[in-house]
Structure formats: structure tokens, C-alpha cells
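In: I would like the atomic coordinates for the input below:
(chains A and B)
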There are 2 protein chains.
Amino acid sequence: MKVVGVDLGGTEIKIGLVDKENGIEKKISLPTEVSKGTEKVVQNISEGISSISKGVKIDGIGIGSPGSIDRDEGVVRFAPNFPEWKNFELSKAIGSIVNLPVFVENDANSFALGEWYFGHATGLTDFVCITLGTGIGGGVVSHGILITGKDGIGTELGHVIIEPDGPLCGCGNRGCAESIASASSVARTARELIKRFPESLVLKTAGGIENIQSKHVFAAAQQGDYMAQMIVEKAVDVLARLIGGCIHIFNPEKIIIGGGMSKAGDALILPLRKRVEAYIMVSFRNTYTIHASELVENAGILGAASSAIYALRGD
Amino acid sequence: MKVVGVDLGGTEIKIGLVDKENGIEKKISLPTEVSKGTEKVVQNISEGISSISKGVKIDGIGIGSPGSIDRDEGVVRFAPNFPEWKNFELSKAIGSIVNLPVFVENDANSFALGEWYFGHATGLTDFVCITLGTGIGGGVVSHGILITGKDGIGTELGHVIIEPDGPLCGCGNRGCAESIASASSVARTARELIKRFPESLVLKTAGGIENIQSKHVFAAAQQGDYMAQMIVEKAVDVLARLIGGCIHIFNPEKIIIGGGMSKAGDALILPLRKRVEAYIMVSFRNTYTIHASELVENAGILGAASSAIYALRGD
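Out: Prediction:
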């Protein structure tokens, strides 16, 4: 099976020709041009698809889109990067031009599907994926099925409340996992604390308060920086409680961490593995493993492509 | 489809002839006689099954058993009420006598299946069941599949850690939902606090510290008793956080509460409905409802029977 995966970003569209067995066979990227309006964006996507699939028999198109997606209808309810898109029928718009089935999936679910077909979860039936970026997303496959719930809005792992008295979250609640342990929250906490720890390596490595990102915090923590270690410990603790809950609920074989913050690698994964053990019943010991995604810069294209593969799988 | 449901208790075995469409058509109960040894218990179960199904074509037997169950193999790994049973092949033992397929399922999963075929969840594809008894059990159906995980030990909702600094739980961790909000934990907390609130109605209604059960706490809370209300509020808060998490994860249509403590009815369900709203994202509002089970004293037989119906469903 060959599909096209479209990783739709606010500034760049990455498009890949993906074979279910061989992975990415070709990829291109082009500007999104949001400012030129919806029609132009749709045209860019369609032209990219046509150009990459010229002369190749394609079974379908998968689009990984940020924002709130109606996956059954292929509709983008809203997306922060595309302010014009309110209940925009993306799948229909592209499908009518390229004349192929088009599937739209949110980032976290397509990440999980990408791990399933091309990453750590190959061949598994039960695994949990968590993306750590601006927010925290969840994608879960249980008994060989992508869990989305009755309205397709399930596995919102980032908004499970871990600390009811914790920081205010963008969703309006307090202490969601995302409000403490997402890449942006780790960076925000560092920016807040730096006034009390002006000697922290974080400031030096980032070169200014406003430049602080989660990667600077993890790098400084690795070098023994006190403030950075404090922030990493807190994030790891919150993630461990979230993951512990998921282990009790899904009894998965693997937990796979993706998103920008997963690039911290061992600096994140090693303490996480240890801490999760504190939050699970003895009977779950050694039933799972925890990994950082290895799809890196291809995760978006492979995830989008995998959404089409999953939708077309016909099992 | 007709099956026999066996609700296996430490002192009593309840057996029902159950029709998938009509529910319980006949039921009997007989003593378990654990003290007379495994062979006698197996004989009692088998004779009960034969007697209730005389002259009726039966498709299978479902046994609801407490303890840790290997559901695929029909093996009881261990069960507190049956100290002799260590990795006991219950399904094989009964099956070889009655000559029918026998399925063994744990309490919480069979409760969920019972709700699916005969209770609040009829016709649904996505719902979450929570039993509040000595412990807290979970049974989840998502996308029309009973979620059990890769080793069959999933949906251990009672051991999701809600308060890491909370009371010590039987499992060895602290602050599991079960350690605060199970029927026994509610009763235990009342027995602990009664020394500081000797005037509490709970003591009067129960007629002695050692007699205190969760029902006395809920009854006293309804009458405005301060200590009882404090305990109920805490249990409700912990359950609401657990349920809020399940809503974000499973996006279910219903949450159904069973087990002894669910008999508190509105005294539990009304405050629970309110509190859950504090722990979910706006987008999940009005996507679910919360109910107390109405299967009451038939929940055990119907649940056990439903395990067989589910296993035999052939879809």
C-alpha cells in the first residue's frame, strides 16, 4: 500500500510518499502561505500531493493537522495556526481536487499510528503514546484499535488533572498534566524561576530569559544545575503519575514519548522509567517499557501517512 | 442465546439461568462449602449448573470470581476467599464435568458486561463501570470492546494513584483511589475519625464503632452529620478525579457505579455528578452521564452470565 502523508504546519507543509513496508520513499516541503487565504493553502497542499505522487498508484491521503479535528468527517473544527478555519471541510476540499480518499487526524493520534506502522510499536496491539510539545497529546492503541471514544475526542491525556491545585491550564482547569509537564510549561516555569536562580545555567545556555526552551532546561539539568533539576524532577513526577495511570488502565506493552521534549532523550526517559515504578502496583512491574520516539523529523509525515493506512486497512 | 451465570462467593454460590433477551429465567443459591475442599466446591458448582439447566439447551457457562483471574485460560491465580486456589484451573475443572464452554471473569469486568447486556449500558459502545466495594474495580468497554490490556490485567481503576501522599493501600502504594473512596475505606475513615467526633450520627446509626459501614456514613451525611459529610466529600472528590480522568481518556457515553456503596444512590451520585464537572475540560461537558447500577442483587449472576455471552458473541 502506498499513501501520501501531509504534515500540515502553520508555516511549512511537509509531504511524503510513503510505502507501508518501506516507509518514506520521497519527501518535499513547501510554504503553507496561511496569509494568502484558505484557497491558496488548499491549492498548495493539492499541488504538493500531485507532484509527489506523479506516476505512482496511491491508495489515499493522510493529513496530520493540529487543532480540534472531527476525524470521521475530515473537518477541522478549529486550529490555532489557521484562524480562518472554523469547521473547515479539509478532507472534502482536498479530496475533490486529488480525487482520492483523504483522512484528517490530530497530531497525537497520527503520532501513535506512525509509531504503530513505522516506530517502536510495530506489531503491537497495546501501547500508549504521549507527545510533549506546546501541549501534551495522547494517542492510545488498545486491543489493536485506536481509542478515540464515542465522539472521537478521547485520550486527551494532557488534560487529565494530576494536581488540582496546580498551575492554571489553557483549558480553564488547574493542574492538568500539560500545565506542568509540556515542553512549553517546562520553559515557562524556568522563565518564572530564573529571577530566584539568576546564576542558573539555563539562562546562560539559552542566552536570555525569552529564549528559554525546554531543551535548555534538560541540558542544564544534565550538568547538575539546581533549578533545572528541580523543574525536570517536577515534570517527570507529573508525567510518571499520568503514565502510571495509563499502565493501570491499558496494561500496555510500551509507552512511547514523542514531541519536541522527547529529544531530551535519556535525560527525560531514564528518570521517567524510575519514577513510574513508584506509581504502579507490583503486578504491573516488568509488563511495559518506556521509550523516546525515534521517528524524529519524519514523525509528522509518517504519522499523517499512517492515518490513511489505518483508515484503509480493511481488517 | 441461553447461558448459566455463576456468582461465586466465599459462603454462597448464586446460579442463574439467563437468556440474552429475557434476563434471569430461574435462579438458585447454594452453600459454597469452602472448608470441605476444592473438590466439594467444584461439585457444588457443577451440580448447581446441571440442576438449573435441566432440559434446557445451554450455550455456555460464565463464572464471576473475585481475586486475580487469568481470563484467557480460565484460571484463578489467587482468590482471598479460596486459600487453596493458587493457579487453579477453574474453567477446566467445571468444563470437564458439565461439558460446555466455561468462562471465568473478574468481578469488575463481569459487572461491566452485565451492565452492557442488561443494565444502563445496553446498546452502547463506550462506557466506564466502577465498582465500589471492599476495593474499587474498573470495567471499561471502548469501541465495543472490553478493555483488558495485553496481559488481561488492565482497567485497574482502583489502583490509579490520586493522592501520592494519601493513605497506605493494600497494594503497597499510597493514595490509590481505593485507599480513600472504596466502601471499606469510607467505613475505615469513619472508625478512625469517630474518636474526634463522638457525637456523630454515624456511631448512633451503626450501633458501635466496629459495626460502621459505608451505608451508615452516607445515611448520616444525608441527615447533615458533619463528620459523615466530610468523609463523603473526600470520597466523592477522589472518585470525581478518577472519573474525570476516565472521561478524558475514554470519552464514554456513560459512567456506571456499582458495588455495595452504589446503594447510597443519590447521596453518592448527585454530589459526584457536580464534582466531576470540576475535573473535566469544557469540551467534555454534556458528553456523558453518571448513574448508579440498577441491577442490584442480580448484578452478580447477570455479570457472570454476560461474560459467557460476550465470549460467545461471535462478532
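
In: ok, A:Phe82 - contacts?
Out: Under the criterion of CB atoms under 8 Å, 6 or more residues apart in numbering or on different chains, the neighbours of A:Phe82 are A:10, A:34, A:38, A:41, A:67, A:76, A:88. C-beta coordinates here come from the backbone N, C-alpha and C atoms, glycine included.

In: Buried ones among these?
Out: The neighbour count (16 or more other CB atoms under 10 Å in any protein chain shown) marks A:34, A:41, A:67, A:76, A:88 as buried among the contacts of A:Phe82.

In: burial of the closest residue to the third one other than its chain neighbours, as a residue count?
Out: Nearest-residue entry for A:Gly67: A:Ala79, 2.8 Å, with adjacent residues in sequence omitted and distances by CB to CB, 6 or more residues apart in numbering or on different chains. With neighbours defined by other CB atoms under 10 Å in any protein chain shown, the count for A:Ala79 comes to 20.

In: pretty sure A:Ala79 contacts A:Gly64?
Out: No - contact criterion CB atoms under 8 Å: A:Ala79 and A:Gly64 do not qualify, at 11.5 Å.

In: quick one: pLDDT of whichever residue of the stretch 151-300 of chain A sits closest to chain B?
Out: For the stretch 151-300 of chain A and chain B, the shortest gap (CB to the nearest CB) falls at A:Asn251, measuring 2.3 Å. pLDDT recorded at A:Asn251 is 98.

In: For it, give its distance to B:Ser51.
Out: Distance, A:Asn251 to B:Ser51, using CB to CB, to the nearest Å: 38 Å.

In: Compare those two (neighbour count), which wins?
Out: Legend: neighbour count by other CB under 10 Å for A:Asn251 and B:Ser51, higher for A:Asn251 (23 against 12).

In: show me what contacts that one?
Out: Going by CB under 8 Å, 6+ apart, A:Asn251 touches A:126, A:284, A:287, B:148-154, B:156.

In: Which phi and psi values does A:Phe88 adopt?
Out: Dihedral angles phi and psi of A:Phe88 (degrees, to the nearest 10) take the values phi -80, psi 130.

In: correct me, but it touches A:Gly74?
Out: No - counting by CB under 8 Å, A:Phe88 does not reach A:Gly74; the two are 9.7 Å apart.

In: Up against chain B, what does the stretch 1-150 of chain A have?
Out: A:68, A:125-126, A:138, A:140, A:142-143, A:145, A:147-150 (CB under 8 Å from any CB of the partner chain).

In: between those, which is nearest chain B?
Out: Proximity of the residues of the stretch 1-150 of chain A next to chain B to chain B, judged by CB to the nearest CB, is greatest for A:Gly149, which lies at 2.3 Å.

In: so what's the backbone phi/psi at the closest residue to that closest one other than its chain neighbours?
Out: Of all residues not flanking A:Gly149 in the chain, B:Asn251 sits nearest, at 2.3 Å (CB to CB, 6+ apart). Backbone torsions for B:Asn251, taken as degrees, to the nearest 10, come to phi 40, psi 60.

In: again, but for A:Val102
Out: Backbone torsions of A:Val102, given as degrees, to the nearest 10, read phi -120, psi 130.

In: Can you give me the buried ones in stretch A:204-217?
Out: For stretch A:204-217, the neighbour count (16+ other CB under 10 Å) marks A:205-206, A:212-217 as buried.

In: Filter the residues you listed down to the ones in helices?
Out: Of the positions in these, A:205-206, A:214-217 sit in helices, assigned by DSSP state H.

In: In CSV: those, plus pLDDT and distance to chain B.
Out: What follows is these, written out as CSV (pLDDT from 0 to 100; distance: CB to the nearest CB, whole Å):
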residue, pLDDT, distance to chain B
A:Thr205, 92, 31
A:Ala206, 96, 31
A:Ser214, 97, 23
A:Lys215, 97, 28
A:His216, 97, 28
A:Val217, 98, 23
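
In: Between all of those, which two are separated the most?
Out: The largest separation in these, counting by CB to CB, is between A:Thr205 and A:Ser214 at 11.9 Å.

In: Do you have the helices of the stretch 151-300 of chain A handy? List them.
Out: Assignment of helices within the stretch 151-300 of chain A using DSSP state H, counting those that start in this stretch yields the ranges A:177-181, A:183-193, A:201-206, A:214-222, A:226-250, A:266-277, A:299-311.

In: show me where chain A has strands.
Out: Assigned by DSSP state E, the strands in chain A fall at A:2-8, A:12-19, A:23-31, A:60-65, A:68-70, A:75-78, A:86-88, A:102-106, A:127-132, A:136-142, A:145-146, A:254-258, A:289-292.

In: Throw those strands into TSV and include mean pLDDT, thanks.
Out: Converted to TSV, the strands of chain A look like this (pLDDT from 0 to 100):
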stretch	mean pLDDT
strand A:2-8	97
strand A:12-19	97
strand A:23-31	96
strand A:60-65	95
strand A:68-70	89
strand A:75-78	91
strand A:86-88	93
strand A:102-106	95
strand A:127-132	97
strand A:136-142	97
strand A:145-146	97
strand A:254-258	98
strand A:289-292	98
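
In: Of those, which is nearest B:Phe103?
Out: Of all the strands of chain A, strand A:136-142 sits nearest to B:Phe103, with 20.6 Å by CB to CB.

In: If any of the residues of the stretch 1-150 of chain A next to chain B are buried, put those into a ChimeraX selection.
Out: Buried residues within these, by 16+ other CB under 10 Å, are selected in ChimeraX with:
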select /A:68,126,138,140,142,143,145,147,148,149,150
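
In: show me what contacts A:Gly9?
Out: Neighbouring residues of A:Gly9 by CB under 8 Å, 6+ apart: A:32, A:66, A:81, A:300.

In: if I look at it, how far off is A:Ser307?
Out: A:Gly9 sits at a distance of 16 Å from A:Ser307 (criterion: CB to CB).

In: so which of the strands of chain A is the most packed in?
Out: Of these, the one with the most neighbours on average (mean count of other CB atoms under 10 Å in any protein chain shown) is strand A:127-132, at a mean of 29.

In: who are the neighbours in contact with A:Gly119?
Out: A:Gly119 neighbours (CB under 8 Å, 6+ apart): A:256, A:293-295, A:299, A:302.

In: any chance of those residues in CSV, plus distance to A:Ala187?
Out: As requested, the contacts of A:Gly119 are arranged in CSV below (distance: CB to CB, whole Å):
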residue, distance to A:Ala187
A:Ile256, 22
A:Ser293, 20
A:Glu294, 24
A:Leu295, 23
A:Ala299, 20
A:Leu302, 26
